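Undergrad: turn this into a structure:
(one chain, ligands or ions: 1)
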Amino acid sequence: MSGSNASVVIGGGIVGLATAVAMAERGYPPIVLEAENSLARHQTGHNSGVIHSGLYYRPGSLKARTCRAGMKAMYRFCAEENVPYRQCGKLVVAVDDSQLPALATLEDRGRANGVVLKRIGREEIKEHEPAATGVGGLWVAETGAVDYTAVTAALARRLNRLGGEVRLASRVRTIKRDGKDFVVGTPRDEIRAARLVNCAGLQSDRVARLAGLTPQVRIIPFRGEYYTLRPDRANLVRGLIYPVPDPALPFLGVHFTRGIDGVVEAGPNAVLALKREGYSRTDISLKDLSEMVSFPGFWRMARKQWRTGFDEMRRSLSKARFAASLQRLVPSLAESDLVRGGSGVRAQAVGIDGRLVDDFQIQTAPGMVHVLNAPSPAATASLTIGTEIADRILADQAPAPVTTGNRSRWVVGL
Ligand SMILES: Cc1cc2nc3c(=O)[nH]c(=O)nc-3n(C[C@H](O)[C@H](O)[C@H](O)COP(=O)(O)OP(=O)(O)OC[C@H]3O[C@@H](n4cnc5c(N)ncnc54)[C@H](O)[C@@H]3O)c2cc1C
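TA: Residues are numbered from 1 along each chain as shown. Prediction:
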């Protein structure tokens, strides 16, 4: 498949696989190069597993638009591919009167994004989640739960059926240009391709630099740590219970999620990680650290966010503090109900001015598309993001013949 008309997608997470499938459906099945020995080993395999409805995002943003369309596409895909999911609904709880204005703002934002939601009072909170307590809430019936690793595996199977290929243990180390072609080097081989898509998550800024770009943002890793509820206390939570978010930092705020496997997770927090793939507190990479501290945007971000960062760090170090945040939502929860769980690392793009890039950021250059910021809800939105990337990278291509069963049809898809 390597050659002057081949396509390469770098990264075997959900965004890379969704993009590869969308390209294959347009008649250009790519080779997916994944650094690890299996798919979905980083953000895609370490998240809350929520199919988001589009409640939080600025109306008109890429996040708002792709989350709504992506949620619907995700439910459809899971049904088609027999991936288990549960449309369990989500409860957002205002714990006291001071949070009611922010709840009203969230309600307006959700409605502006087309989210089907219901404003509820104290009693109705109990009807949905008997152990939760609050003065008011929002009920979002469309929200659901899924295992995104299983979705990624199903995408890989679909890619395979469409003629694409996944190569594992293939970390991209070099990208050279030869005329209009790219020559992509991994420890295993060199692949010649006409098109290149970078979906490398925590490494996406580095891959963009390998490809000769100078991205205006740098990836700063933020670890999100979880506890799980002891199995005999998991009945405290039926589905998904969330606090009212801080509009400036909506990804903060620990919440409860009952996964598709029935395990209830509590978290995640957000602490600076000292390694891009640093899943535990002791993981440190001198290379990652020195790159981070030599980036002026890091220090500007630190000056703006030091208080929040300090609070998150204290909550990370103290189980009692973590439990106290959760007890605001579910007062009968005891610290002893919590067992330390796993963690995930968010690839958060930060600008030179220290701004946390809020929206998805996708940069196009001749023959290339680079996904430079795809934090939550990018797993939910992945199928729609993939479609949009495929449309961009194939924008100047002639329609390709696609074989569907024994029929041949032309797909333009632009
Ligand atoms: C704690 C946490 C909770 C979250 N909760 C949710 C949620 O509930 N719902 C939701 O919608 N989203 C959630 N998200 C966000 C979601 O997980 C991500 O937006 C999504 O998984 C991003 O997918 P990706 O494919 O871009 O990145 P990744 O899954 O990180 O994939 C990138 C891949 O690129 C590979 N790679 C890197 N460098 C190279 C290289 N040089 N060569 C080849 N391969 C390379 C990596 O090994 C990796 O497999 C959460 C994220 C975190 C961290």
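Undergrad: which residues touch the host helix or strand of Thr66?
TA: Per DSSP states H and E, Thr66 falls inside helix 62-81. Applying C-beta atoms under 8 Å, 6 or more residues apart in numbering, the external contacts of helix 62-81 come out as 51-54, 57-58, 83-85, 87, 113-115, 142, 144, 146, 151, 154, 157-158, 358-360, 362, 377, 380-385, 388. Just so you know, the C-beta spots here come from the backbone N, C-alpha and C atoms, and that holds for glycine as well.
Undergrad: ok, now how distant is the residue lying closest to Ala323 once chain neighbours are set aside from Lys319?
TA: Closest residue to Ala323 apart from its sequence neighbours, by C-beta to C-beta, 6 or more residues apart in numbering: Glu335 at 4.1 Å. As judged by C-beta to C-beta, to the nearest Å, Glu335 and Lys319 stand 6 Å apart.
Undergrad: quick revisit: now the helix holding Thr66, how far from the centre of its chain.
TA: 13 Å (C-alpha atoms, centre = their mean, to the nearest Å).
Undergrad: mind listing what's buried in it?
TA: Applying a neighbour-count criterion of 16 or more other C-beta atoms under 10 Å, the buried positions in helix 62-81 are 62-71, 73-75, 77-78.
Undergrad: same thing with stretch 231-241?
TA: Using 16+ other C-beta under 10 Å as the test for burial, stretch 231-241 gives 233-234, 236-241.
Undergrad: mind saving the C-alpha coords of stretch 308-316 as CSV?
TA: Output of stretch 308-316 as CSV, limited to C-alpha atoms (Å, rounded to 0.1, in the frame of the first residue of the first chain):
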residue,chain,number,x,y,z
THR,A,308,-6.1,26.1,40.8
GLY,A,309,-3.0,23.9,40.2
PHE,A,310,-2.1,24.1,43.9
ASP,A,311,-5.7,23.1,44.9
GLU,A,312,-5.7,20.2,42.5
MET,A,313,-2.3,19.0,43.8
ARG,A,314,-3.5,19.1,47.4
ARG,A,315,-6.6,17.0,46.4
SER,A,316,-4.3,14.6,44.6
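Undergrad: residues contacting the residue nearest to Ala323?
TA: With C-beta under 8 Å, 6+ apart, Glu335 has these contacts: 319-320, 323.
Undergrad: now distance to the ligand too, for these, in TSV please.
TA: Converted to TSV, those look like this (distance: C-beta to the nearest ligand atom, whole Å):
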residue	distance to the ligand
Lys319	18
Ala320	22
Ala323	19
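Undergrad: now intersect these with the helices, please.
TA: Counting by DSSP state H, the part of these found in helices is 319-320, 323.
Undergrad: restricted to buried residues, select the residues you listed in ChimeraX.
TA: Per 16+ other C-beta under 10 Å, the buried members of the ones in helices among the contacts of Glu335 correspond to this ChimeraX selection:
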select :323
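Undergrad: which one of the ones in helices among the contacts of Glu335 is nearest to Gly3?
TA: Lys319 (55.3 Å; C-beta to C-beta).
Undergrad: go ahead and confirm the closest one touches Leu338.
TA: Yes: with contact defined as C-beta atoms under 8 Å, Lys319 and Leu338 form a contacting pair (6.5 Å).
Undergrad: need the overlap of contacts for those two.
TA: Tyr227.
Undergrad: give me the neighbour count for the residue of the chain found nearest the ligand.
TA: Closest approach between the chain and the ligand, counting by C-beta to the nearest ligand atom: Gly13, at 2.2 Å. Using other C-beta atoms under 10 Å, Gly13 has 30 other residues around it.
Undergrad: which regions of the stretch 201-350 of the chain lie under the pLDDT threshold?
TA: Residues of the stretch 201-350 of the chain that meet the criterion pLDDT under 70 lie in 247-248, 250-251.
Undergrad: just the strands in it please.
TA: For the stretch 201-350 of the chain, the strands defined by DSSP state E, counting those that start in this stretch occupy 217-229, 240-243, 255-258, 264-267, 271-272, 338-351.
Undergrad: mind checking which of those strands is nearest Leu91?
TA: Between the strands of the stretch 201-350 of the chain, strand 240-243 lies closest to Leu91; by C-beta to C-beta that is 5.2 Å.
Undergrad: so which elements touch the closest one?
TA: For strand 240-243, the packing partners by 3 or more C-beta pairs under 8 Å, 6 or more residues apart in numbering; DSSP states H and E come out as strand 90-94, strand 255-258.
Undergrad: around the ligand, which positions in the stretch 51-200 of the chain sit nearby?
TA: Counting by C-beta under 6 Å from any ligand atom, the positions of the stretch 51-200 of the chain adjacent to the ligand are 52, 171-172, 199-200.
Undergrad: about what we covered before: now, among the ones in helices among the contacts of Glu335, which is nearest to Asp178?
TA: Nearest to Asp178 among the ones in helices among the contacts of Glu335, with distances taken as C-beta to C-beta, is Lys319, at 55.2 Å.
Undergrad: show me what Val93 is bridged to.
TA: On the basis of DSSP bridges, Val93 is bridged to Gly137, Pro243.
Undergrad: ok, it - contacts?
TA: Val93 touches 125, 132-134, 137, 241-244, 329, counting by C-beta under 8 Å, 6+ apart.
Undergrad: again, 7 Å this time
TA: Shown in contact with Val93 (C-beta atoms under 7 Å, 6 or more residues apart in numbering): 125, 132, 134, 137, 241, 243, 329.
Undergrad: export these to CSV and tack on distance to Arg26?
TA: Converted to CSV, these look like this (distance: C-beta to C-beta, whole Å):
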residue, distance to Arg26
Ile125, 46
Ala132, 45
Gly134, 47
Gly137, 43
Ile241, 40
Pro243, 41
Leu329, 44
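Undergrad: show me the two of those residues that sit farthest apart.
TA: Among the contacts of Val93, Ile125 and Pro243 lie farthest apart (C-beta to C-beta), at 12.8 Å.
Undergrad: confirm Ala145 sits in a strand?
TA: Yes: according to DSSP: H, G, I helix; E, B strand; the rest coil, Ala145 belongs to a strand.
Undergrad: what's the neighbour count on it?
TA: 21.
Undergrad: does it touch Ile260 like I think?
TA: Yes: the pair Ala145 and Ile260 passes the contact test of C-beta atoms under 7 Å, sitting 5.1 Å apart.
Undergrad: now do the shared contacts for the two.
TA: Common neighbours of Ala145 and Ile260 (criterion: C-beta under 7 Å, 6+ apart): 49, 85-86.
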